[in-house]
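Undergrad: here you go, sequence then predicted model.
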Protein chains: 2
Amino acid sequence: MTGGPAGPRRRGRPSRTESDAAPAARDRILDAARAEFAERGYDKTSVRGIARAAGVDSALVHHYFGTKDEIFAASVEVSFEPALAMEALVGQGPDGIGERIARYFFSVWENPATRGPLLAVVRSALTHEAAAKVLRGFVLRRLLERIAEDLDVPDPTFRAELAVSHMVGIAVVRYALRVEPLASAPVDDIVALVAPTLQRYLTEQ
Amino acid sequence: MTGGPAGPRRRGRPSRTESDAAPAARDRILDAARAEFAERGYDKTSVRGIARAAGVDSALVHHYFGTKDEIFAASVEVSFEPALAMEALVGQGPDGIGERIARYFFSVWENPATRGPLLAVVRSALTHEAAAKVLRGFVLRRLLERIAEDLDVPDPTFRAELAVSHMVGIAVVRYALRVEPLASAPVDDIVALVAPTLQRYLTEQ
């Protein structure tokens, strides 16, 4: 089997010749990159360090992904894949969209496996313009446009962004700063108050 | 005049002997600290660098403020003073409290003189636990408790924090990440949608 399925297509420089080992090495590099960015932050992560953690040569990292910014973009995209799956929630129509989005958001953030990388992305984006650019231009744009597409309100992208910004604020206060009582509040209590807000932003004329 | 008014009382080790020159030197150190933290971030700011920028000896910085964390706490408090003045807005009763808080928030964040230091605080708190601890334990706690005090709703601190977290999210997306269309949206358009949300969180049973 050559050039077999390499999982979902991801951003980054495509390899020219894919062998059996290639997808595994590529995924290993990406896992290492996510872990390095999450642990050290954008600034202190190096291509050399990612290569070392993945057990490959730096040249292979460059071969698959290009520059450090491009590796970062790829690792952000992987971290946000669950968030982008939220697309499916929007397609179900306006009834209850506020609660579906709120619940989906918490299912992603309450899971420690996805929370760590997401926190790392938020931290990096707030402290490094290169990381902010990736998040802004690539992930958020795609997310907002996808949500906005199905809305029947004036300024749908603005409405989608207001809803997303509310969830971003909750993520920052609850998971990053861990300010009580929000940090320990049951998810149901938060959803009960926040879902009607999202519903209003996304559906009310 | 000895021990004259030194402005509002601030956190930090109080000086044992205040002379005429003391308040001026103290304020100069605090201004230098805010500028250094805003420019370099928490990590790269040093007591020595603050002393140099203020034109004083490091010992004087330690004398007035103590450790680097304590200087940071003092500079956070100064940066948040306008935000804490929001207290006055809460005292006016429940009618229109959502819009008053939203408008006050934007008056602080739209002003470049206050925006820079606030952004620096948010960035530092998201990347350094020591800075997060200061923001969490000191500023947010005080702010939330003050708002909650006047609310006639169940779990008033939780409600206040939900409202504040919405504004934090807008600040992150609009001012730090600068994601369009929210980054360029007129303040009035945002307030029109957000004020009813805050009003509901802060007043609805």
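TA: That came in fine, so what should we check first?
Undergrad: C-alpha from now on. contacts and neighbour counts both.
TA: Fine.
Undergrad: okay, buried residues for stretch A:35-47 please.
TA: By neighbour count on 16 or more other Cα atoms under 10 Å in any protein chain shown, the buried set for stretch A:35-47 is A:35-38, A:41-42, A:45-47.
Undergrad: the residues you listed: which two are farthest apart?
TA: Based on Cα to Cα, the longest span within those runs between A:A38 and A:V47 and measures 14.2 Å.
Undergrad: burial of the residue lying closest to A:T203 once chain neighbours are set aside, as a residue count?
TA: If the residues on either side of it in the chain are set aside, A:T203 comes closest to A:V153, at 6.1 Å by Cα to Cα, 6 or more residues apart in numbering or on different chains. Other residues within reach of A:V153, judged by other Cα atoms under 10 Å in any protein chain shown, total 16.
Undergrad: now swap in A:G93 and tell me
TA: Per other Cα under 10 Å, the neighbour tally for A:G93 reads 11.
Undergrad: around chain B, pick out the residues from chain A.
TA: Proximity of chain A to chain B (Cα under 8 Å from any Cα of the partner chain) is limited to residues A:123, A:125-127, A:132-133, A:136, A:140, A:157-158, A:161-162, A:165-170, A:172-173, A:176-179, A:181-182, A:193, A:197, A:201.
Undergrad: can you do 7 Å?
TA: A:123, A:126-127, A:132, A:136, A:158, A:161, A:165-166, A:168-170, A:173, A:176-177, A:179, A:181-182, A:197 (Cα under 7 Å from any Cα of the partner chain).
Undergrad: check contacts around A:R103.
TA: Counting by Cα atoms under 7 Å, 6 or more residues apart in numbering or on different chains, A:R103 makes contact with A:V191.
Undergrad: for A:Y64, pull up the helix or strand it's in.
TA: A:Y64 is part of helix A:58-65, with elements assigned from DSSP states H and E.
Undergrad: typed the wrong thing, it's A:V56
TA: Remark: A:V56 resides in no helix or strand, with elements defined by DSSP H and E.
Undergrad: quick one: contacts of the helix with the most length in chain A?
TA: With DSSP state H applied, the helix covering the greatest number of residues in chain A is identified as helix A:21-44. Helix A:21-44 is contacted from outside by A:6, A:45, A:50-51, A:53-54, A:61, A:64, A:75, A:116-117, A:120, A:124, using Cα under 7 Å, 6+ apart.
Undergrad: after that helix, next one along is what?
TA: helix A:47-54.
Undergrad: give me the mean pLDDT for that following helix.
TA: Mean pLDDT, computed over helix A:47-54, is 95.
Undergrad: how far off centre is stretch A:26-38?
TA: Counting by Cα atoms, centre = their mean, to the nearest Å, stretch A:26-38 is centred 14 Å from the centre of its parent chain.
Undergrad: output it as CSV, nothing but the C-alphas.
TA: C-alpha atoms of stretch A:26-38 as CSV (Å, rounded to 0.1, in the frame of the first residue of the first chain):
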residue,chain,number,x,y,z
ARG,A,26,3.8,13.2,9.7
ASP,A,27,1.3,12.5,12.5
ARG,A,28,4.1,12.0,15.0
ILE,A,29,5.6,15.4,14.1
LEU,A,30,2.2,17.0,14.4
ASP,A,31,1.6,15.4,17.8
ALA,A,32,5.0,16.6,18.9
ALA,A,33,4.4,20.1,17.6
ARG,A,34,1.1,20.4,19.5
ALA,A,35,2.7,19.1,22.7
GLU,A,36,5.7,21.5,22.3
PHE,A,37,3.6,24.6,21.6
ALA,A,38,1.2,23.7,24.5
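Undergrad: sorry, back to before: buried members of the contacts of helix A:21-44 into PyMOL, please.
TA: Only the buried entries of those go into this PyMOL selection, using 16+ other Cα under 10 Å:
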select buried, chain A and resi 45+50+51+53+54+61+64+75+116+117+120+124
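Undergrad: so for stretch A:94-101, mean pLDDT?
TA: pLDDT averaged over stretch A:94-101 gives 89.
Undergrad: same question for stretch A:73-83.
TA: For stretch A:73-83, the mean per-residue pLDDT is 73.
Undergrad: now do the SS call for A:P94.
TA: Recorded secondary structure, A:P94: coil (DSSP: H, G, I helix; E, B strand; the rest coil).
Undergrad: what's near enough to touch it?
TA: With contact taken as Cα under 7 Å, 6+ apart, A:P94 is in contact with A:T203.
Undergrad: please repeat the previous calculation with a cut-off of 10 Å.
TA: Contact partners of A:P94, counting by Cα atoms under 10 Å, 6 or more residues apart in numbering or on different chains, are A:150-152, A:199, A:202-204.
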